[in-house]
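**Q** Dropping the sequence and predicted coords here.
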Amino acid sequence: AKQAGRNCYAVYDPRMQKSIEERMQVEKGLRIALEQNQFGIFYQPKVDASGRVVGAEGLVRWSHPEHGFISPSVFIPVAEETGLIHLIGEWIMEAIAGDLVRWQDMKIEPFGDIAINISAWQFGRADFIEKTLAGIRLNNIRVEQLSIEVTETAILGDMGTTRVKLNQLRNAGISVMLDDFGTGYSSLAYLKDLPLDGFKIDRTFVEGLGDAQAEPLVRSMLSIGKHMRLKVVAEGVESKEQFDKLKAMGCKLFQGYLFAKPMPVDEFLMWVKNNLE
Ligand code: C2E
Ligand code: CA
Ligand code: CA
Ligand code: CA
């Protein structure tokens, strides 16, 4: 069987077959997950140089009744391929908006913006901006409380349209960050041509701090941010050493396990309360 698989791998590659089957299973599972409310939002804080919370990022979680927790890096791509991302994306928006409204009702002091990750396919839709702004108005959410993270692939479409959409968001008061900065093909072109509030230095660069190669790149990214007056967040900060290095290079905003992992909402609110005390 092994040999047969090898001879006609283009069609019958067992690995490929498995992945198609897996994908179909994930797709089926995602539909059920939507119906049965198996998704949840975790929050990971963003902090300043003193470790004080300045906001957070909402990250979707899928808790499957049999397989347990399934990572968004597994199911988001499948959701995108199957178009389910639109429904899931709407669910995510509503869930985060719901939390924001609850926090207002609970009289929790605002502690910064909550960032929502927007997938390429969501952002590309003609009605994305309209729907997002309508949702904000409907829920009476203060725009300062919300920001959006887009990856380079999310804005891969036509630059003109992208610029118009980003301007609409920013004119409405919602800040937009470029996610995974430095990992795409044209990070610098995006910074040049698009109205952005800032960018997030990808974790792979932070991981490499200490390498002769990664370190000057991080330094340069921070310098670009400074000269362009953009906000720069370093992602994936895991050690005190990385934190200290980044601070010495002038970085002002941080996120990573060193401060806190993504947490369920109650745990997150406790964390914020302790952090602000
Ligand atoms: P991302 O937007 O770059 O999110 C950062 C990822 O790094 C998260 O993984 C987070 O849990 C993880 N992380 C944070 N700090 C550290 C650290 O110090 N060390 C390490 N090793 N990892 C850290 P997560 O939650 O598994 O999400 C993976 C990706 O899935 C996200 O990457 C994003 O692209 C996508 N994703 C997650 N939630 C959503 C969502 O609500 N909507 C969309 N469209 N995509 C999402
Ligand atoms: Ca993100
Ligand atoms: Ca990122
Ligand atoms: Ca990423």
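**A** Received the coordinates, thanks. Ligands and ions are numbered 1, 2, ... in the order given.
**Q** pretty sure Ser223 is in a strand, no?
**A** No: the assignment for Ser223 by DSSP: H, G, I helix; E, B strand; the rest coil gives helix, which leaves it out of any strand.
**Q** ok, now which ones touch the residue nearest to it when sequence neighbours are not counted?
**A** Once flanking residues are discounted, Ser223 sits nearest to Gly250: 7.9 Å by CB to CB, 6 or more residues apart in numbering. Any C-beta I mention is one placed from the backbone N, CA and C, and that applies to glycine too. Listed by CB atoms under 8 Å, 6 or more residues apart in numbering, the contact partners of Gly250 are Leu222, Ser223, Lys226.
**Q** are any of those buried, and which?
**A** Leu222 (16 or more other CB atoms under 10 Å).
**Q** now the contacts of Gly250 as JSON lines including pLDDT and distance to ligand 2?
**A** Formatted as JSON lines, these follow (pLDDT from 0 to 100; distance: CB to the ion, whole Å):
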{"residue": "Leu222", "pLDDT": "98", "distance to ligand 2": "19"}
{"residue": "Ser223", "pLDDT": "97", "distance to ligand 2": "23"}
{"residue": "Lys226", "pLDDT": "97", "distance to ligand 2": "22"}
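**Q** pLDDT at the residue nearest the centre of the chain, what is it?
**A** In the chain, the centroid-proximal residue (CA atoms, centre = their mean) is Asn117; its distance is 3.7 Å. Among the per-residue scores, Asn117 holds a pLDDT of 96.
**Q** That one: helix or strand, and which one exactly?
**A** strand 113-118 (DSSP states H and E).
**Q** residues in this structure within reach of ligand 3, list them.
**A** The chain has residues Asp179, Asp180 near ligand 3, with proximity defined as CB under 5 Å from the ion.
**Q** Helices of the chain, start to end?
**A** 2-7, 9-12, 14-35, 72-82, 85-105, 120-124, 128-138, 159-171, 187-193, 203-207, 214-227, 240-248, 265-276 (DSSP state H).
**Q** which stretch in those helices is the model least sure about?
**A** The bottom spot among those, by mean pLDDT, belongs to helix 2-7, with a mean of 40.
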